[in-house]
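Asks: Fold the following and give me the result.
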Amino acid sequence: MEQARRRRLRPSPARGAWRPGPAALLPDYLSALQRLAGEREVIFWDQLGCGNSERPSDVDLWTMGRSVAEIDAVVRALGLEAFHIFGNSWGGMLAQQYVLDVPSGAVSLTISNSTASIPRFADSVIRLKAELDPGTQATIDRHEAAGTTHSAEYQSAITTWNETYLCRTLPWPAYLTEAFQNLGPEIFETMFGPSDFRIVGTIRDWDVVDRLAEIALPTLLLAGKYDECSPEDMREMHQRIAGSRFEFFECSAHMPFIEEPDRFDRVMRDLLRSND
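Replies: Down below sits the predicted model:
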């Protein structure tokens, strides 16, 4: 197996916390979670193909099954017998698949601003695009149709999307801007597609909605009012996972750990302490 990189913050011997990063995006955008390292170990994992991990050219590696196997390999390599698992966005999808398929020592699951269904996510993106101003919509549609998504005009329209539905804290923190500037396009385009507006990659049909009732871990779901991942869909996920907890962030889009950090920290610490 190609080598994946991870970082461990160990200010105390408390139960380890393991947090998967999203495909293609540098996990450094999750660096805000270092705030939780004051009372427990926090482990950041750079998935193969992004961050400081190797970036192989074999596109056959970019599947959900291969990604789940990588999580299992990291957990085994670190000897984690009891840990909390946190996933934001793609990381939330991967975390769901992992706890559904792999017996492990996970003691809690946090699904942050994610989905249990790519087809439903695709529908949400279409709805949200229709709420942008007509000029931005037209720019996105024109360049998507022409295949000119690397143009400056298209990227400007995507900046509008990102500042509306991903992170509404302006200006963006430098580490978030850097993460997007260093996006790993190969893994994103293979797994998702050329953009969120045209999902044609290997996970285009991924859907575990009907399996959510199998999740038996203490589970926390985080949703943002302005998120590209529909908060209504996340509320349904909460209803399908017995005993789960749902937290709605009124001032956030996709990244409450940046947009509402104080409340995010309180919610996370409460979950982690309750399940140590």
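Asks: so where is the stretch 51-200 of the chain shaky, pLDDT-wise?
Replies: 182 (pLDDT under 70).
Asks: Just the strands from it, written as ranges.
Replies: 83-88, 106-112 (DSSP state E, counting those that start in this stretch).
Asks: Same list, these, but as JSON lines with mean neighbour count please.
Replies: (C-beta placed from N, C-alpha, C; glycine too.) JSON lines is the format used below for the strands of the stretch 51-200 of the chain (neighbours: other Cβ atoms under 10 Å):
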{"stretch": "strand 83-88", "mean neighbour count": "26"}
{"stretch": "strand 106-112", "mean neighbour count": "24"}
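Asks: Columns distance to G51 on top of the ones you listed, output as TSV?
Replies: Putting the strands of the stretch 51-200 of the chain into TSV (distance: least, Cβ to Cβ, whole Å) gives the following:
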stretch	distance to G51
strand 83-88	14
strand 106-112	18
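Asks: how about those strands, which one is nearest D233?
Replies: Closest approach to D233 among the strands of the stretch 51-200 of the chain is made by strand 106-112 (11.2 Å; Cβ to Cβ).
Asks: just the angle between the closest one and strand 83-88, please?
Replies: 10 degrees (axes from the mean of the first three to the mean of the last three Cα atoms, to 10 degrees).
Asks: which residues are in contact with strand 106-112?
Replies: Where contact means Cβ atoms under 8 Å, 6 or more residues apart in numbering, the residues beyond strand 106-112 that reach it are 15, 82-89, 91-92, 95-96, 98-99, 215, 217-222, 234, 237, 256-257, 268, 271-272, 275-276.
Asks: sorry, back to before: nearest to F264, out of the strands of the stretch 51-200 of the chain?
Replies: Nearest to F264 among the strands of the stretch 51-200 of the chain is strand 106-112; the distance by Cβ to Cβ comes to 8.9 Å.
Asks: From D270, how far out is the residue nearest the centre of the chain?
Replies: Geometric centre of the chain, nearest residue: S89, 2.2 Å, by Cα atoms, centre = their mean. To D270, S89 is 22 Å away according to Cβ to Cβ, to the nearest Å.
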